[in-house]
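*Asks:* sequence unknown, structure follows:
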């Protein structure tokens, strides 16, 4: 019987932690002390969960392409990257 490895996106962990801190009245800031993705991945490994690939989450090229398509449909005439 093959055992499947459970994976989880580290950025989901970052999001959950930030939400929890914000609900506790704290004001977490992303990026001031470096990329939180690697510590989140280390936490997952410590819990016995293999971190998922970076291209599985919101940063995945396929997801970004789909979001760009939705933006183009919803906001015609607005160029990508304009305010």
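*Replies:* That came through, no problem. These figures come from a predicted structure and were not determined experimentally.
*Asks:* measure the residue minimising distance to the centre of the chain to residue 38 for me?
*Replies:* Residue closest to the mean C-alpha point of the chain, counted by CA atoms, centre = their mean, is residue 11 at 3.4 Å. Distance from residue 11 to residue 38, counting by CB to CB, to the nearest Å: 11 Å. Every C-beta, even on glycine, is put in place using the N, C-alpha and C of the backbone.
*Asks:* report the buried residues of the one helix or strand residue 15 maps to.
*Replies:* Here residue 15 sits within helix 10-23, counting by DSSP states H and E. For helix 10-23, a neighbour-count test (16 or more other CB atoms under 10 Å) marks 10, 11, 13, 14, 18 as buried.
*Asks:* out of the residues you listed, which is nearest to residue 50?
*Replies:* Closest approach to residue 50 among these (CB to CB): residue 10, at 10.4 Å.
*Asks:* spit out the contact partners of the closest one.
*Replies:* Residues near residue 10 by CB atoms under 8 Å, 6 or more residues apart in numbering: 37, 38, 40, 41, 43, 44, 51, 52.
*Asks:* now, those that are in strands?
*Replies:* residue 51 (DSSP state E).
*Asks:* just the buried ones from the contacts of residue 10, in PyMOL syntax?
*Replies:* Restricted to buried positions by 16+ other CB under 10 Å, the PyMOL selection for these reads:
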select buried, resi 37+40+41+44+51+52
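*Asks:* which ones are touching the closest residue to residue 21 other than its chain neighbours?
*Replies:* Among residues not flanking residue 21 along the chain, residue 28 sits closest, at 4.6 Å (CB to CB, 6 or more residues apart in numbering). Contacts for residue 28 (CB under 8 Å, 6+ apart) come out as 17, 18, 21, 22.
*Asks:* other SSEs contacting the helix or strand bottoming out on mean pLDDT in the chain?
*Replies:* Least confident helix or strand, the chain: strand 7-8 with a mean of 75, by mean pLDDT, DSSP states H and E. Packed against strand 7-8 by the contact rule (3 or more CB pairs under 8 Å, 6 or more residues apart in numbering; DSSP states H and E) you find strand 50-51.
*Asks:* okay, now the sheet partners of the strand it packs on, with direction.
*Replies:* Applying DSSP bridges to the sheet, strand 50-51 is found paired with strand 7-8 (parallel).
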